[in-house]
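Asks: coordinates for the following, if possible.
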Amino acid sequence: MEGRAGRTIRLVATRRGRPTQAEAKKLDLAVREAAVATFVEMGYAGASMEAIAKAAGITRRSLYSRYADKRALFAGVIPWALARFVEDDSIAEAHGDNLDDLKAALLAIGRAAVTRAVHPQNVRLKQIAMSEAALFPEFKISAESLMWAGRQRAVTDLLRRHEELGNIDVDGDPELASEHFLAMVEAVPARMADFGVFRSKAQQERHLRYAVRLFLRGVTPR
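Replies: Numbering: from 1, shown residues only. So this is what the prediction gives:
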């Protein structure tokens, strides 16, 4: 079915009676995706529960059974949408114990981070979330922090492991070090994207490799 927000939402035909757990889960995902697409196209003020229900291929009654109103829906799906840009990443794992393996892992994570940071829908979601933040005290952290959460855990675990191996020294604070690494890698591309400015793939790779070299130089024991 073609939703109003311009994207096709595929729903699984359900049999009569109570849907199975798998069917309910798939329907919930379709509703979330339809809501995100509608908010991206129309903004918070322009979107309506009717438009979202139509995009999801369900009735307004069914939508209201899941979310009390548009505010509850927005507060529920925006953090989810921002976080999923991390969840569906293939976060790199270190398959070795030396600095070359750490470098390869940081490069892989960095590439995924930059790709997500400049993704058009991601940029739009950040803009919407920040513009409506004053009306939503639920958003206690910034849009950037929502997107960083999963990657920061991955980098933190990676740095902790290599510090325990003696390969690096982050003063026993891998979480703080991971935050600085992510800031080096994606903060500038993300801010440029907010203004519609994008680096070429070659430029992105050059900046990423420089950031990784600089970071490793700073944490490698003298």
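Asks: low pLDDT regions in the chain?
Replies: 1-18, 85-95, 138-149 (pLDDT under 70).
Asks: quick one, domains of the chain?
Replies: Per automatic domain parsing, the structural domains of the chain span 1-67, 92-219.
Asks: let's have these in TSV, adding mean neighbour count.
Replies: To be clear about C-beta, it is placed using only N, CA and C from the backbone, and glycine gets the same treatment. Shown next, in TSV, are these (neighbours: other Cβ atoms under 10 Å):
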stretch	mean neighbour count
domain 1-67	16
domain 92-219	17
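Asks: out of these, flag the one nearest W80.
Replies: Smallest distance to W80 across the domains of the chain (Cβ to Cβ): 6.2 Å, for domain 1-67.
Asks: quick one: what helix or strand has V77 in it?
Replies: Assigned by DSSP states H and E, V77 belongs to helix 70-87.
Asks: and that helix, how far out from the chain middle?
Replies: 10 Å (Cα atoms, centre = their mean, to the nearest Å).
Asks: could you measure from R153 over to S178?
Replies: 8 Å (Cβ to Cβ, to the nearest Å).
Asks: what about the longest helix in this structure?
Replies: helix 21-46 (DSSP state H).
Asks: next secondary structure element downstream of that helix?
Replies: With DSSP H and E, the next secondary element past helix 21-46 is helix 49-56.
Asks: ok, which stretches of the protein are helices?
Replies: 21-46, 49-56, 60-66, 70-87, 99-117, 120-131, 143-164, 174-182, 188-194, 201-219.
Asks: closest to P137 out of those helices?
Replies: Judging these by Cβ to Cβ, what sits closest to P137 is helix 70-87, at 9.5 Å.
Asks: need the domains of the chain in CSV (columns: distance to G76).
Replies: Output for the domains of the chain, formatted as CSV (distance: least, Cβ to Cβ, whole Å):
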stretch, distance to G76
domain 1-67, 6
domain 92-219, 9
